[in-house]
Every structure is written in structure tokens, then in C-alpha cells.
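1. Sequence first, predicted model second:
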Amino acid sequence: MAPAPEPALDCQWIDACTSQPCANGSTCTVSGNKFSCICPPGYTGQKCEIDVNECAASVLCQHGGTCVNVPGSYRCQCKPGFTGHRCESPYVPCSPSPCMNGGTCHQTSDFTFECNCLPGFEGSICERNVDDCPNHNCQNGGICVDGVNTYNCRCPPQWTGQFCTEDVDECQLQPNACQNGGTCTNHNGGYACCLKGYTGPRCEMDINECHSNPCQNDATCLDKIGGFTCLCMPDMRREGWLWQCHPRDLMVWVGRENEIFLHHF
């Protein structure tokens, strides 16, 4: 009996950089089945994982400045009178100006300055925008939106104007604001338009007058536009100013002050 054939081997090339072995933004390169990392300045090691202490190598800071190592680089703490990345330049206040947002720099001594800020800004170098909203005049639910030395009012839909004090005429803006024959009447902060028997923002819903069960004596309520009708039981009849159902042997009438009088006969 012949031996079974050996399974075929499916060999695939594996990119050694697929696992991203290089750290701190270094570049991974492949040679054969191995990788190597090209480190950016400030890092070393096989995978660029070691920070270089630039301050230990040489005197980097000039004019007595103190070198401080930071990840991937260094910085110099300069003595008074000097500035620059390596404390290489004499410090001259206002050159360049440190004042932000259009502030004007004034030198007050050899090493000090002050900033005169434009209206709407504050801080030692005019770095903060003054909040103009604490004493705002936005009315009728308007929301204050701070600006530079000013503010704006974001008004609700029913109001307009600088301080949301001008009423929006919805009847003019929406010719078809009212439905079902309603007449649009503008008023401050809104509008009204419903005929009797309708409700809703645009009078689109019929009011169900039967919802409160107004009919008496087991009568059936029939909703109508702007009112209702009571369908009486066979032994009842509709009487009175509300057309309620009463026994047939009972007469109902209304007095001068809308008093209801009942009389048996």
C-alpha cells in the first residue's frame, strides 16, 4: 500500500512592520524577514523607545540658561535679560509684542512690559474675551450670545429685533396659518385663529365636546362642530336651553337668569 502524500505547504511572506513595532513616530523598514526603525531626532534604541537626554551631551543653553530635558527634545530656562530657544538673544520687552488680540505693548522697564487691551479683551497679555452677557438686555426668552465687546440675542420664533422686543406678525408671514375658516389675529408673542369648536396651533383639530359626557339620563352624545347633540332614550325627550334629555312627563324651561325650572304634568 502506497504511503499517503504529504500536505502541501502554503508559504506566505509576512511583513515584519505589520505589527508597527517602531515607537515615537519612527519609520519602519523591512530587510528580509527583519525590521529596523529609523528614529526621529530625540529618540534612540532598537525601536526608538528611548528618549535622548540632550542636556547630558553638551552645553546647549547660552548665557547661563538651564537645560531641561523633555520627551524627544529639550528647552532652556533663560536668565533675565535673554530669550530664544537657546537663550541666545537679548530680551527686549515688546520686541516682538506678546500682547494678543490687537493689544498694544508698552515697555515699563528693562525686562517688564504691560499690554493695553482693545475694548472687549482682558488679561495680562489681552488673552481673554470679556463676557458681555452677565448684564444683557435680551427679552422674551432671548438667549445672549457673547461677541467681542458686544453681544447678540438669539430670539425665539415669536420675537425679533436686537433685544427680542419686536413681535413677529405670524399672520403676515404665514398666509395659510389658520385652517377650517379661522381668521388669523396677531398678538404679542403669538397669534390666534380658531373658530368655535376648533383647537390646535393652526385650528386643525375639532374639539370633542362629548369628551366631558355632557348628556344626562343615559343619552348618547353626538359631537358636532362647535357643539354637541344628545340622542335621547325612547322614553325621553330633549328640552331646555342645553337640549338635555328629560322624562316625557317633565317640562323644562329657562328663567331670565338662566335658572332651570322643572314641572311635572
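-> Yep, that arrived.
2. N186 against E170, yeah?
-> Yes - between N186 and E170 a contact is recorded at 6.2 Å, counting by CB atoms under 8 Å. All C-beta atoms are positioned from the backbone trio N, CA, C, and that covers glycine.
3. For Q216, see how far away P234 is.
-> 16 Å (CB to CB, to the nearest Å).
4. ok, these two, which is more surrounded?
-> Neighbour count, other CB atoms under 10 Å: between P234 and Q216, Q216 has more, with 13 against 6.
5. show me what contacts G42?
-> With contact set as CB atoms under 8 Å, 6 or more residues apart in numbering, G42 has these partners: D51, V52, E54, P71, G72, S73.
6. circling back to that earlier point, neighbour count for N186 and E170, which is higher?
-> Taking other CB under 10 Å, N186 and E170 do not tie; E170 has more neighbours (20 against 17).
7. if I pick the more buried one, what's in contact with it?
-> With contacts defined as CB under 8 Å, 6+ apart, E170 is in contact with Q158, A177, C184, N186, G190, Y191.
8. Drop anything exposed from the residues you listed.
-> Listed as buried from these are Q158, A177, C184, N186, Y191; burial here means 16 or more other CB atoms under 10 Å.
9. and those, which two are the farthest apart?
-> By the measure CB to CB, Q158 and C184 form the most distant pair in the buried ones among the contacts of E170, at 13.9 Å.
10. wait, what's in contact with the closest residue to C76 other than its chain neighbours?
-> In space, and not counting its chain neighbours, C76 is closest to C61: 3.7 Å by CB to CB, 6 or more residues apart in numbering. Contacts for C61 were tallied using CB under 8 Å, 6+ apart; they are C67, C76, Q77, C78, R86, C87.
11. now with 7 Å?
-> Contact analysis of C61 by CB atoms under 7 Å, 6 or more residues apart in numbering lists C67, C76, R86, C87.
12. Does the second one touch R86 like I think?
-> By that I understand C76. Yes - the pair C76 / R86 is scored as a contact, 5.5 Å apart, by CB atoms under 7 Å.
13. mind listing what the helix or strand in which V145 is found pairs with, with the direction of each?
-> Using DSSP states H and E, V145 maps to strand 143-146. Here strand 143-146 is paired, per DSSP bridges, with strand 151-154 (antiparallel).
14. Give me the helices and strands touching the helix or strand following the strand it pairs with, please.
-> Beyond strand 151-154 in the direction of the C-terminus, DSSP H and E gives the next helix or strand as strand 159-160. Here strand 159-160 touches strand 166-167, going by 3 or more CB pairs under 7 Å, 6 or more residues apart in numbering; DSSP states H and E.
15. Show me what the strand it packs on is packed against.
-> strand 159-160.
16. please redo it, this time with the cut-off set to 6 Å
-> Contact partners of strand 166-167 among helices and strands, from 3 or more CB pairs under 6 Å, 6 or more residues apart in numbering; DSSP states H and E: none.
17. who does that strand pair up with?
-> Taking DSSP bridges as the criterion, strand 166-167 forms sheet pairs with strand 159-160 (antiparallel).
18. outside of the strand it pairs with, which residues touch it?
-> Strand 159-160 is contacted by residues N140, E166, V168 when judged by CB atoms under 6 Å, 6 or more residues apart in numbering.
19. Highest neighbour count among these?
-> Neighbour counts for the contacts of strand 159-160 were taken using other CB under 10 Å; the highest belongs to V168, with 20 neighbours.
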